[in-house]
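Student: From the sequence below, what's the structure:
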Amino acid sequence: MSTPSPTARTLPWLPGVVACAVAAAVAWGVHWLVPVVPWLTAAVVLGIVVGQLPVARPAVAGRLAPGLSLSAKRLMRIGVVLLGLKLSLGDIAGLGWVAILTTVGVVLLSFAGTFWIGRLMRLPGHQPLLIATGFSICGASAIGAMSGVVKPKDEEAATPVALVTLCGTLAIFVLPLFWHPLGLDARQFGHWVGAGVHDVGQVVATAQLAGARALAVAVVVKLTRVLMLAPVVAVAAVVERRRHVAGDPGVKRPPIVPLFVAGFLLAVLVRTFVPLPSLVTDGADTLQTVLLAMALFGLGTAVRLRTLVGTGWRALVTGLVSWLLIALLALAAVWVSAVA
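Tutor: Numbers count the residues shown, from 1 in each chain. Okay, the predicted model is just below:
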């Protein structure tokens, strides 16, 4: 039997983190070659594929496991904090109060509806909560943020990530088919995409088909949804804290507001009130995307398609129904804003 190297003994997470970095680079290459495929989506899919390969499973479950876990959790939280630097409260205010209220309404109604559907389908553990968070707010990034509070098992978080990736990717190709039949102009289509598509990269890939105006509206509406990540996760943290108190007062309780959520809010305030040079904002955006790509690859490797196909049909139904629900709610929000 070979003896582990000193590096492997002192930095057991290093091989897995390096693997995630390489995978993020490969995912970027896929996005560069096929721009319609968002970088983060490619990273998740690559992780899922690697997780299914028999030749890779021993490494995924063994030597690479510490680094994959660290990437999926800690790097995800750092990426969520940096995501706040994309948000300016001034840009959101520019949407108008009707658009803001309807966007918040879409998030709350889709979250509650998806959570109820997940409970109705008897999904295990925290899956209803994670699916509701990912579908209603900002995809896999939101699932990672919520996972930082409720501490689900790796496979429990992997299924929602796979579902939100599947449905978000479908949206890139399906929503444009209804653009003209629904009688939407470019701005309205961008609003619909921003309010109804899950991940920021998927929003960009979908809305850009209708031009720069649609893309600008879609991104601002989407980032308004992203802002809802902080209160939703904070409420979940309070509920989880009370559950710990009720179950066993001696158990360490999670903080009322997780540190990374506070960091996310601070980043939003910095972007709003501090004039940052483009070099800083562009660099933070790139770093945030790299970290999230690494984290999503790590999460993707925990997906087991055989298990998902065999026992996850209820989760698939939940995801598809939620996808339809959010698309309809977002379309209603567009029509309400147009009338107002």
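
Student: Poorly predicted segments of the stretch 1-150 of the chain, please.
Tutor: Flagging of the stretch 1-150 of the chain using pLDDT under 70 yields the residue ranges 1-10.

Student: Check which helix or strand Pro152 maps to.
Tutor: Taking DSSP states H and E as the definition, one finds Pro152 inside no helix or strand.

Student: List the contacts of it.
Tutor: Gly125, His126, Gln127, Leu130 (Cβ atoms under 8 Å, 6 or more residues apart in numbering). For every residue, glycine as well, the C-beta is placed using N, CA and C.

Student: neighbour-wise, which of those residues leads?
Tutor: Ranked by the number of neighbours (other Cβ atoms under 10 Å), the contacts of Pro152 place Leu130 first, at 28 neighbours.

Student: Can you list which of the contacts of Pro152 are found in helices?
Tutor: Mapping the contacts of Pro152 onto helices (DSSP state H) picks out Gln127, Leu130.

Student: Looking at the contacts of Pro152, which is nearest Ile117?
Tutor: Proximity of these to Ile117 (Cβ to Cβ) peaks at Gln127, which lies at 11.2 Å.

Student: Help me confirm that the closest one comes into contact with Leu316.
Tutor: No. Applying Cβ atoms under 8 Å as the test, Gln127 and Leu316 come out as separate, 11.7 Å apart.

Student: So which residues make contact with stretch 264-282?
Tutor: Residues from elsewhere that reach stretch 264-282 (Cβ under 8 Å, 6+ apart): 80-90, 145, 227, 229-230.

Student: coming back round to it: need the contacts of Pro152 in TSV (columns: distance to Val36).
Tutor: As requested, the contacts of Pro152 are arranged in TSV below (distance: Cβ to Cβ, whole Å):
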residue	distance to Val36
Gly125	34
His126	32
Gln127	29
Leu130	27
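
Student: out of the contacts of Pro152, what pair is the most spread apart?
Tutor: The widest separation within these, taken as Cβ to Cβ, falls between Gly125 and Leu130 and amounts to 8.8 Å.

Student: Mutual contacts of the two, please.
Tutor: Pro152, Glu156.

Student: Output the contacting helices and strands for the biggest helix by length in the chain.
Tutor: In the chain, assigned by DSSP H, the helix with the most residues is helix 313-339. Applying 3 or more Cβ pairs under 8 Å, 6 or more residues apart in numbering; DSSP states H and E, one finds that helix 313-339 contacts helix 97-120, helix 127-133, helix 154-174, helix 186-196.

Student: tell me which residues of that helix are tucked away?
Tutor: Neighbour-count burial for helix 313-339, with 16 or more other Cβ atoms under 10 Å as criterion, is recorded at 314-316, 318-319, 321-323, 325-327, 329-334, 337.

Student: Pull out the buried members of the contacts of stretch 264-282.
Tutor: The neighbour-count criterion (16+ other Cβ under 10 Å) marks Val80, Val81, Leu82, Leu83, Gly84, Leu85, Lys86, Leu87, Ala145, Leu227, Leu229, Ala230 among these as buried.

Student: Let's verify the closest residue to the third one other than its chain neighbours: helix, strand, or coil?
Tutor: Taking Cβ to Cβ, 6 or more residues apart in numbering, and ignoring the residues beside it in sequence, Leu82 has Gln288 as its nearest neighbour in space, at 3.6 Å. State at Gln288, reduced to three classes by DSSP: H, G, I helix; E, B strand; the rest coil: helix.
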